[in-house]
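1. just a sequence and a predicted model for now, questions to come.
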Amino acid sequence: MKVRTRLVASFAYVLLVVIVALTVPLAIVLRDRARSELTALTLTNAQTIGAVLNAERLRGDPAERQRLARDAERYAADVGGRVVILDADGTVLVDSDGEDLGENFATAGRPEVAQALASRASADVRRSDEEGGDIAVGAAPILDEGQLVGAVRISRGVRTVQENVSRATAAIVAVALGGLLAGLVLAVALARSLSRPLTRLAGTARRFGDGDLTIRAGEIHGDEEIEELAHSFDDMAERMERTVRAQREFVANASHQLRTPLTGIKLRLEGAIVDTTDPRIREELRAADQEVDRLAQIIERLLTMAARIEEGTAPRTDLGDAVDRAISRWRERAAQASSTLVGNGVGDSWAAADRDDVDQVLDVLIDNALTYAPGPIEVSATAHGDRVGLSVTDHGPGIPADEAPRVTERFYRGRGAPAGGSGLGLAIARELAERWGGGLAVGGDVGGARIDVWFRRDGLDRA
């Protein structure tokens, strides 16, 4: 789903950039072209009107002046603007609006008039405070036998042109948005076709990682690279299944075969214990008998684990119960070491881990605490989010900060460690936790040490 979203977002972003890159310049060009054409048209209109006028019409009697005024009104209606006819000094002779008769238009605010009175036609679009917006203005000289006798000035608002440009721009934007929408639909369809095989392959890999070694990707249709990845995954899964199955069969067969000779050894040891009269030999035989019992328990655990794996069931352990069992096992030893064990549990502390491994972790941590820091010791089960954990806290000298990163290494012994230890305890506890996807953390420098071990939470509901 994330791959599909990223593909769609990337495609939409690229498409939006392309549309903006094309639409904005097109709208600007359209606006500039419309203003340019309006300017050219205004200039042409002014020159056309100026070409049909002469000195006689400008200096005629009142009747001729009235006919000129009517002509100016007709010109104004034709061009859709205002037509003003000036004499050679810039004074208004005729105004199609009838407003500024007799006024001098040769001002700095009307540079086109100055150009026309200099016998040069010009046109432009500029701001007009009177009109409250942009206007297109153009002026052309009136020549009679090569002599300047006056000028024609045309002005028209550009609002209509701007409205037309706005409508055209809106149409362009609408088309662009339609293209964007169509592109998004295409992107979604394309992303689905690309992400579907990846999503299926990811689901297959997830199920394989959860323990279903028989799952395969099968025929996945897509790009050549994706199909090759699916085939490689299936090949890997096939080899992994064969390897794991062989290991399971070896563990089960070896454990089963070891039970018979162990039973015989135990029977002989028990008989020897009864028959011997030497107390020292009897003690050694009892110790050997206990080791045989331990070995039998290990074999039983291996058989149980092999059966669980074969059935596809994962081990689950309540850490609260594990803490209670550990307190019971170590209570007598703690009393001998002048120590006290206090257990603290929490509800819903089921861990996805083997019970015997959890018990062994607690045995290692409690044994270390009793050995290195006899006194009050807290053993707790904790839960946080998708993790559950165990912690053993003592109130001894603590673990120096420079040694904390190394105390979980095999055979490492700290500077103040008493003689006789192997340096394997915490390393074994860490490896047991990591076997079930967890870990071990060491804390405490002054005033005690705290060892935390965490596991993945078992998500199944418990009665």
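-> Sure, I can see it. Residues are numbered from 1 along each chain as shown.

2. residue boundaries of the helices in the stretch 351-463 of the chain?
-> 355-372, 425-435 (DSSP state H, counting those that start in this stretch).

3. out of those, nearest to residue 126?
-> helix 425-435 (80.0 Å; CB to CB). Yep, even glycine has a C-beta here, placed from its N, CA and C like the rest.

4. what comes up buried for the closest one?
-> Neighbour counts over helix 425-435 (16 or more other CB atoms under 10 Å) mark 425, 426, 427, 428, 429, 430, 432, 433 as buried.

5. tell me the pLDDT at the last one?
-> The score at residue 433 is 88. That number is its pLDDT.

6. the helices in the chain, which residues?
-> 2-51, 55-58, 62-79, 111-117, 159-209, 224-275, 279-311, 319-336, 355-372, 425-435 (DSSP state H).

7. and this protein, what are its domains?
-> According to automatic domain parsing, the chain comprises the domains 2-163, 224-311, 317-456.

8. for the shortest one, the distance to its chain's centre please.
-> Domain 224-311 has its average C-alpha position 47 Å from the chain's average C-alpha position, going by CA atoms, centre = their mean, to the nearest Å.

9. between the helices of the stretch 351-463 of the chain, which one is closest to residue 202.
-> helix 425-435 (24.8 Å).

10. on that earlier part again, closest to residue 101 out of the helices of the stretch 351-463 of the chain?
-> Closest among the helices of the stretch 351-463 of the chain, using CB to CB: helix 425-435, at 101.7 Å.

11. between the helices of the stretch 351-463 of the chain, which gets nearest to residue 129?
-> Across those, closest to residue 129 is helix 425-435 (CB to CB), at 81.9 Å.

12. what's the neighbour count on the spatially closest residue to residue 95 that is not a sequence neighbour?
-> Counting by CB to CB, 6 or more residues apart in numbering, the nearest residue to residue 95 once its immediate chain neighbours are dropped is residue 84, at 5.1 Å. Residue 84 has 25 neighbouring residues, counting by other CB atoms under 10 Å.

13. list the contacts of residue 84.
-> 72, 92, 94, 95, 96, 100, 105, 152, 153, 154, 155 (CB atoms under 8 Å, 6 or more residues apart in numbering).

14. scan those residues and report the most crowded one.
-> Neighbour-wise, these (other CB under 10 Å) top out at residue 154, 30 neighbours.

15. could the helices of the chain go into JSON lines alongside distance to residue 147?
-> Formatted as JSON lines, the helices of the chain follow (distance: least, CB to CB, whole Å):
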{"stretch": "helix 2-51", "distance to residue 147": "13"}
{"stretch": "helix 55-58", "distance to residue 147": "8"}
{"stretch": "helix 62-79", "distance to residue 147": "19"}
{"stretch": "helix 111-117", "distance to residue 147": "13"}
{"stretch": "helix 159-209", "distance to residue 147": "36"}
{"stretch": "helix 224-275", "distance to residue 147": "85"}
{"stretch": "helix 279-311", "distance to residue 147": "114"}
{"stretch": "helix 319-336", "distance to residue 147": "113"}
{"stretch": "helix 355-372", "distance to residue 147": "115"}
{"stretch": "helix 425-435", "distance to residue 147": "107"}
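
16. looking at these, which is nearest to residue 141?
-> Nearest of the helices of the chain (CB to CB): helix 111-117, 4.9 Å.

17. helices or strands up against that closest one?
-> strand 82-87, strand 122-128, strand 133-144, strand 147-157 (3 or more CB pairs under 8 Å, 6 or more residues apart in numbering; DSSP states H and E).

18. the same query, at a cut-off of 6 Å, please.
-> If contacts are counted by 3 or more CB pairs under 6 Å, 6 or more residues apart in numbering; DSSP states H and E, helix 111-117 sits against strand 133-144, strand 147-157.

19. buried stuff in it?
-> So, applying 16+ other CB under 10 Å, buried residues of helix 111-117: 112, 113, 114, 115, 116, 117.

20. which one of the helices and strands packed on helix 111-117 lies nearest to residue 236?
-> Of these, nearest to residue 236 by CB to CB is strand 133-144, at 71.9 Å.

21. now do the closest one against helix 62-79, angle only.
-> Using axes from the mean of the first three to the mean of the last three CA atoms, to 10 degrees, the direction of strand 133-144 lies 130 degrees away from that of helix 62-79.

22. roughly how far is strand 133-144 from the heart of the chain?
-> 61 Å.

23. sketch out the low-pLDDT regions of the stretch 1-150 of the chain for me.
-> Residues of the stretch 1-150 of the chain meeting the criterion pLDDT under 70: 1-16, 18-23, 26, 130-132.

24. change it to 80
-> Applying pLDDT under 80 to the stretch 1-150 of the chain flags residues 1-32, 34-35, 60, 128-133.

25. where does the stretch 301-450 of the chain have low pLDDT?
-> 301-315, 345-348, 397-425, 443-447.

26. what do you get if the cut-off is 90, keeping everything else the same?
-> 301-321, 325, 328-357, 360, 364, 367-375, 382-387, 394-438, 441-450 (pLDDT under 90).

27. take the domains of the chain and write them to CSV, including distance to residue 182.
-> As requested, the domains of the chain are arranged in CSV below (distance: least, CB to CB, whole Å):
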stretch, distance to residue 182
domain 2-163, 9
domain 224-311, 26
domain 317-456, 43
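
28. how close does the most far-flung residue of the chain relative to its centre get to residue 247?
-> Distance from the C-alpha centroid of the chain peaks at residue 61, with 85.1 Å (CA atoms, centre = their mean). Distance, residue 61 to residue 247, by CB to CB, to the nearest Å: 123 Å.

29. before we move on, what about residue 373?
-> Taken as CB to CB, the span from residue 373 to residue 247 is 40 Å.

30. the more surrounded of these two?
-> Taking neighbours as other CB under 10 Å, residue 373 and residue 247 compare with residue 373 leading, 21 against 12.

31. residue 428 - nearest residue in space that isn't next to it in sequence?
-> Spatially, and ignoring its direct neighbours in sequence, residue 428 is nearest to residue 364 (6.0 Å; CB to CB, 6+ apart).

32. can you check residue 399 too?
-> residue 449 (4.8 Å).

33. I'd assumed residue 397 was in contact with the one you found.
-> No - Residue 449 is not in contact with residue 397 according to CB atoms under 6 Å; the separation is 8.1 Å.

34. right, I'll call it a day here.
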